[in-house]
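J.: Please work out how this folds:
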Amino acid sequence: MTTLTAAVPGRPFGLVRHSLVMARRSLIKTMRTPEQLLDVTLQPIIFIVLFVYLLGGAIAGSRHDYLQFLLPALLVQNVLFASAPTGVSLNTDIKTGVFDRFRSLPIGRSAPLIGGVLGDMIRFVVSIVVMLGFGYALGFRFGTNALAVLAGCLLVMFMAFSFSWMFVLLGMLVREPGAVQGLGFVIMFPLTFGTNVLVPTNTLPGWLQAWVKVNPVADAMQAARGLMVGGPVLDAVVKTLLWSVGILAVFAPLAVRAYRRKA
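T.: Numbering: from 1, shown residues only. Sure thing, here's the model as predicted:
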């Protein structure tokens with residue numbers, strides 16, 4: 001066993017192959033328990049119906065116009081919320097002893113983490129498809145071309161992928177899965193609701209406008225609106241990419257380090 005383990009790092013693309021195997025395991029686990037996808041199938045529909053029909057007439061005067069304004073930003077919010085269960089799932093695997101088995105295998109130490117994050121990206125895809133499909137049924141229409149819409153979806157997924165590592169780190173540091181979920185909501189609510197998701201930034205009080213201007217999620221929402229509906233987009237896209245790369249560069253190494261300490 002020692003010889004085999006020592007030989008693994010020398011194999012070409014070993015970590016990539018091991019991570020993809022772990023991603024397949026995560027994907028199979030999700031497909032066998034489809035109720036795990038309820039939050040990314042029902043929650044987007046509930047949010048759209050509630051906000052459009054509750055606030056649309058009062059805020060925009062037209063529910064259709066408000067749907068055009070709301071849906072791209074709400075897409076960002078829901079996909080980011082979908083990144084939180086990654087940390088819960090990994091924490092559960094640690095609690096049940098699954099990761100003890102992984103540590104005995106001749107695989108890269110970070111492969112279970114990378115695979116878990118990659119496998120959970122199916123949640124992002126489902127959330128995007130449900131939101132855009134239901135929004136289209138209610139009357140939402142794209143104001144740009146297919147390439148811009150695809151770029152918007154990929155941008156949102158990349159940011160959610162980066163945020164997933166924040167929750168992976170929580171999953172490594174916190175003892176209970178429920179605590180990971182609770183802390184995740186505490187983090188995500190000010191980031192996603194303290195934005196221009198529901199109303200334009202200039203209608204907010206000064207102190208909240210200051211927060212929105214430095215909130216990376218608000219930049220992502222503005223980028224999604226520009227790419228899907230139309231409007232200025234370059235500055236928001238660049239800021240979103242820089243924030244995503246920065247979050248990934250900070251939290252991914254910290255999460256891997258925390259996992260190796262547990263090992």
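J.: switch to C-alpha atoms for all contacts and neighbour counts from now on
T.: Noted.
J.: sec struct for Leu248, please.
T.: helix (DSSP: H, G, I helix; E, B strand; the rest coil).
J.: Secondary structure element holding the closest residue in space to it that isn't next to it in sequence?
T.: Among residues not flanking Leu248 along the chain, Ser162 sits closest, at 4.7 Å (Cα to Cα, 6 or more residues apart in numbering). Per DSSP states H and E: Ser162 is located in helix 146-173.
J.: residues in contact with the next helix or strand after that helix?
T.: Toward the C-terminus, helix 146-173 is succeeded by helix 177-193 as the next helix or strand (DSSP H and E). Contacts with helix 177-193, where a contact means Cα atoms under 8 Å, 6 or more residues apart in numbering, come from 77, 80-81, 84-85, 87-89, 91-92, 167, 170-171, 174, 215-218.
J.: Please identify the buried residues of helix 177-193?
T.: The neighbour-count check on helix 177-193 (16 or more other Cα atoms under 10 Å) flags Pro177, Val180, Gln181, Gly184, Met188, Leu191, Thr192 as buried.
J.: I figured Val233 was touching Gln222, is that so?
T.: Yes. At 7.3 Å, Val233 and Gln222 qualify as touching, with contact defined as Cα atoms under 8 Å.
J.: Just the element for Ala236, please.
T.: Assigning secondary structure by DSSP H and E places Ala236 in helix 234-262.
J.: repeat for Gly87
T.: Secondary structure from DSSP H and E places Gly87 in helix 85-95.
J.: So which residue is dead centre in the protein?
T.: Taking Cα atoms, centre = their mean as the criterion, Ala160 is the residue nearest the geometric centre of the chain, at 2.7 Å.
J.: if I pick it, what's in contact with it?
T.: Here Ala160 is in contact with Val79, Leu80, Ala82, Ser83, Phe124 (criterion: Cα under 8 Å, 6+ apart).
J.: if you set the cut-off to 6 Å instead, what comes out?
T.: For Ala160, the contact set (Cα atoms under 6 Å, 6 or more residues apart in numbering) comprises Leu80, Ser83.
J.: Next, work out how far apart it and Ala84 are.
T.: 9 Å (Cα to Cα, to the nearest Å).
J.: mind listing the helices for the stretch 1-150 of the chain?
T.: With DSSP state H, counting those that start in this stretch, the ranges of helices along the stretch 1-150 of the chain come out as 2-7, 14-32, 38-59, 63-81, 85-95, 98-103, 111-119, 121-138, 146-173.
J.: Okay, angle between the last one and helix 111-119 too, please.
T.: Just to be clear, that refers to helix 146-173. For helix 146-173 against helix 111-119, the angle by axes from the mean of the first three to the mean of the last three Cα atoms, to 10 degrees is 140 degrees.
J.: now helix 146-173: mean pLDDT?
T.: Across helix 146-173, pLDDT averages out at 93.
J.: mind listing what's buried in it?
T.: Using 16+ other Cα under 10 Å as the test for burial, helix 146-173 gives 148-149, 151-153, 155-173.
J.: Same check on the third one?
T.: When neighbours are counted by 16+ other Cα under 10 Å, the buried residues of helix 38-59 are found to be 39-41, 43-45, 48-49, 51-53, 55-56.
J.: With pLDDT as added columns, please give those in a markdown table.
T.: Below are the buried residues of helix 38-59 laid out as a markdown table (pLDDT from 0 to 100):
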| residue | pLDDT |
| --- | --- |
| Asp39 | 75 |
| Val40 | 80 |
| Thr41 | 84 |
| Gln43 | 86 |
| Pro44 | 87 |
| Ile45 | 90 |
| Ile48 | 91 |
| Val49 | 91 |
| Phe51 | 89 |
| Val52 | 89 |
| Tyr53 | 87 |
| Leu55 | 82 |
| Gly56 | 81 |
